[in-house]
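Colleague: Fold the following and give me the result.
(2 chains)
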Amino acid sequence: TQLLEQSPQFLSIQEGENLTVYCNSSSVFSSLQWYRQEPGEGPVLLVTVVTGGEVKKLKRLTFQFGDARKDSSLHITAAQPGDTGLYLCAGGGYSTLTFGKGTMLLVSP
Amino acid sequence: GAVVSQHPSWVICKSGTSVKIECRSLDFQATTMFWYRQFPKQSLMLMATSNEGSKATYEQGVEKDKFLINHASLTLSTLTVTSAHPEDSSFYICSAQTGLAGVAGEQYFGPGTRLTVT
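Modeller: Reported below is the predicted structural model:
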């Protein structure tokens, strides 16, 4: 069974701070996706990384896929209250996704 | 693009009744749809994988006779919670998968359905 561990599970910071969320596994994934979910809504896909060592940027968000394709990180620069939400990483196999337990981020003004 | 809708967005039903939840891919065809369940402040738990025209594949511990899944077309999958009980109260989310060749297809999620069984 493939498992994805996310850390930290909960993060409360002030507006303007930087943060990094980690997603680790002992398994190799063909791809890894990051989602953000707000309360009462479905997850929204932020990015998909496929190549080991790949780095993708989405405005203030930087996503990195580990060289061995077993881990990933999400770095947010100058966090804003609008970044508040549950961040989920998900590893892709042939069809199904394995989800991490999520990181709940709270950004206070 | 890649919009998925769910209906209803919330439903309250009495114990013992059945509830049907619809999941539609609005602007693409999805050969595979997934049904998840999510408890407060927890991650998504995959319930079943739904393939168009074939029987759904259920995850271990999920009762297929209780959670009936039908995937009759490339844009519609339904989940029916039969004989609902209060412990079935949860947030149910569907997703539809694009068919990216050679890569695990990205999943696009519906907005979820909040089910409350009284």
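Colleague: interface residues of chain A facing chain B?
Modeller: Within chain A, the residues that sit near chain B (Cβ under 8 Å from any Cβ of the partner chain) are A:30-31, A:33, A:35, A:40-45, A:48, A:50, A:86, A:88, A:90, A:92-97, A:99-102, A:104. (C-beta placed from N, C-alpha, C; glycine too.)
Colleague: make it 6 Å
Modeller: By the rule Cβ under 6 Å from any Cβ of the partner chain, the part of chain A lying against chain B is A:30-31, A:41-43, A:45, A:48, A:92-93, A:97, A:99, A:101-102.
Colleague: residue ranges with poor pLDDT in chain B?
Modeller: B:1, B:99-105 (pLDDT under 70).
Colleague: Of all residues in it, which one is nearest the centre?
Modeller: residue B:35 (3.2 Å; Cα atoms, centre = their mean).
Colleague: Go ahead and confirm that residue touches residue B:48.
Modeller: Yes: taking contacts as Cβ atoms under 6 Å, residue B:35 lies within contact range of residue B:48: 5.1 Å.
Colleague: what's the helix or strand bottoming out on mean pLDDT in chain A in contact with?
Modeller: Least confident helix or strand, chain A: strand A:97-99 with a mean of 85, by mean pLDDT, DSSP states H and E. Where contact means Cβ atoms under 6 Å, 6 or more residues apart in numbering or on different chains, the residues beyond strand A:97-99 that reach it are A:2, A:4, A:88, A:90, A:91, B:43, B:44, B:107.
Colleague: ok, of these, which come out buried?
Modeller: A:4, A:88, A:90, A:91, B:43, B:44, B:107 (16 or more other Cβ atoms under 10 Å in any protein chain shown).
Colleague: got TSV for the residues you listed, with secondary structure and distance to residue B:9 too?
Modeller: Output for those, formatted as TSV (DSSP: H, G, I helix; E, B strand; the rest coil; distance: Cβ to Cβ, whole Å):
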residue	secondary structure	distance to residue B:9
A:4	coil	29
A:88	strand	21
A:90	strand	23
A:91	strand	29
B:43	coil	21
B:44	strand	17
B:107	strand	19
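Colleague: so what pLDDT did the residue of chain A found nearest chain B get?
Modeller: Nearest residue of chain A to chain B (Cβ to the nearest Cβ) works out as residue A:92 at 2.8 Å. pLDDT, residue A:92: 76.
Colleague: Quick check: closest non-adjacent residue to residue A:57.
Modeller: Excluding the flanking residues, the one nearest residue A:57 by Cβ to Cβ, 6 or more residues apart in numbering or on different chains is residue A:63, at 7.6 Å.
Colleague: burial count for residue 42?
Modeller: Unless you meant another one, I'm taking chain A. Residue A:42 has 22 neighbours, counted by other Cβ atoms under 10 Å in any protein chain shown.
Colleague: that's the other chain; I wanted chain B
Modeller: Neighbours of residue B:42 (other Cβ under 10 Å): 13.
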